[in-house]
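Trainee: This is the structure alone, sequence omitted:
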């Protein structure tokens, strides 16, 4: 049952909604019997069942024994997915119209030197999303993959797809032994990716640093911690580019 609950949560149901729906798939029931079967407070059962009815996942049936709640055909869950897809389309359209205005407000409020801190996997995702605004080239000190940063392979591959669409290239410096095995099957991404190795005694990488546009982004994810920060300053970014180019010339071409 735990697997079914998790999958229904993926489709947008809350945990208790999923438990109620599964119980009703077994057989029609009353609010009281559902409360006993699931351990959910009866008042909450009434509210959740009402919400499920509004979404056409639960209906009512009345016969000579009384009124019972009945689960709708599981195929009806496709309606949930369709509704979410339509909502997502509307949100994307609204974002496309709103984003320029929001970025204009952000630009007006920026000083010449900005530091922004982030924590956890979601913080890293936001930082990586910012990298998709790279113009021309993203230079990277370090050896971590996107998978290491966010611990989600499908999200990492989606980011690589968007990197290809954004049409920028990547050069990465790493220590020997890092990324010995292929980390992606995205050939278009690999056509835009070049890396060199540099000995640890020359330059050891303990964090990952990305340099793009006027931003220097630092990722630290060791010891079960994920902490990152962005320094947005043209002069600092240019200095870091010079350091990168110096070590790039010292590194071994793969």
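Mentor: On my side now, so go ahead. Please read all numbers here as calculations on a predicted model, not as lab measurements.
Trainee: alpha carbons only for contacts and neighbour counts from here, please
Mentor: Fine.
Trainee: residue ranges with poor pLDDT in the protein?
Mentor: 106-112, 179-181, 254 (pLDDT under 70).
Trainee: Just confirm residue 59 contacts residue 51, I think it does.
Mentor: No: under the criterion of C-alpha atoms under 8 Å, residue 59 is not in contact with residue 51, lying 10.9 Å apart.
Trainee: So what would you say the end-to-end distance of stretch 5-24 is?
Mentor: 13 Å (C-alpha to C-alpha, to the nearest Å).
Trainee: now swap in stretch 146-162 and tell me
Mentor: Termini of stretch 146-162 sit 13 Å apart (C-alpha to C-alpha).
Trainee: for it, which positions count as buried?
Mentor: By 16 or more other C-alpha atoms under 10 Å, the buried positions in stretch 146-162 come out as 146, 149-150, 156-157, 159-160.
Trainee: Can you tell me which of those residues end up in helices?
Mentor: Using DSSP state H, the members of the buried residues of stretch 146-162 that fall in helices are 146, 149-150, 156-157, 159-160.
Trainee: Turn those into TSV, columns for distance to residue 200.
Mentor: Listed next are those as TSV, based on distance: C-alpha to C-alpha, whole Å:
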residue	distance to residue 200
146	22
149	21
150	25
156	27
157	29
159	29
160	28
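Trainee: wait, which of the residues you listed is closest to residue 121?
Mentor: residue 150 (5.2 Å; C-alpha to C-alpha).
Trainee: burial count for residue 41?
Mentor: 13 (other C-alpha atoms under 10 Å).
Trainee: contacting residues around it?
Mentor: Contacts of residue 41 were listed using C-alpha atoms under 8 Å, 6 or more residues apart in numbering, and they are residue 35.
Trainee: any idea how far it is from residue 137?
Mentor: Taking C-alpha to C-alpha, one finds residue 41 at 56 Å from residue 137.
Trainee: which among the buried residues of stretch 146-162 gets closest to residue 132?
Mentor: Closest to residue 132, out of all of the buried residues of stretch 146-162 and judged by C-alpha to C-alpha, is residue 159, at 8.1 Å.
Trainee: Next up, the contacts around the closest one.
Mentor: Taking C-alpha under 8 Å, 6+ apart, one finds residue 129 in contact with residue 159.
Trainee: quick one: it from residue 149, how far?
Mentor: Applying C-alpha to C-alpha to residue 159 and residue 149 gives a distance of 12 Å.
Trainee: Next: residue 105.
Mentor: On the measure of C-alpha to C-alpha, residue 105 and residue 149 end up 30 Å apart.
Trainee: ok, back up a step: between residue 59 and residue 51, point out the one with more neighbours.
Mentor: Higher neighbour count among residue 59 and residue 51: residue 59, with 17 against 14, using other C-alpha under 10 Å.
Trainee: bridging residues for the more buried one?
Mentor: residue 70 (DSSP bridges).
Trainee: just residue 141 next, same as before
Mentor: residue 173, residue 209.
Trainee: Share the number of residues neighbouring it, please.
Mentor: 24.
Trainee: Repeat that for residue 214.
Mentor: 16.
Trainee: I am assuming it contacts residue 237, so please confirm or correct that.
Mentor: Yes: assessed by C-alpha under 8 Å, residue 214 is found in contact with residue 237 at 5.4 Å.
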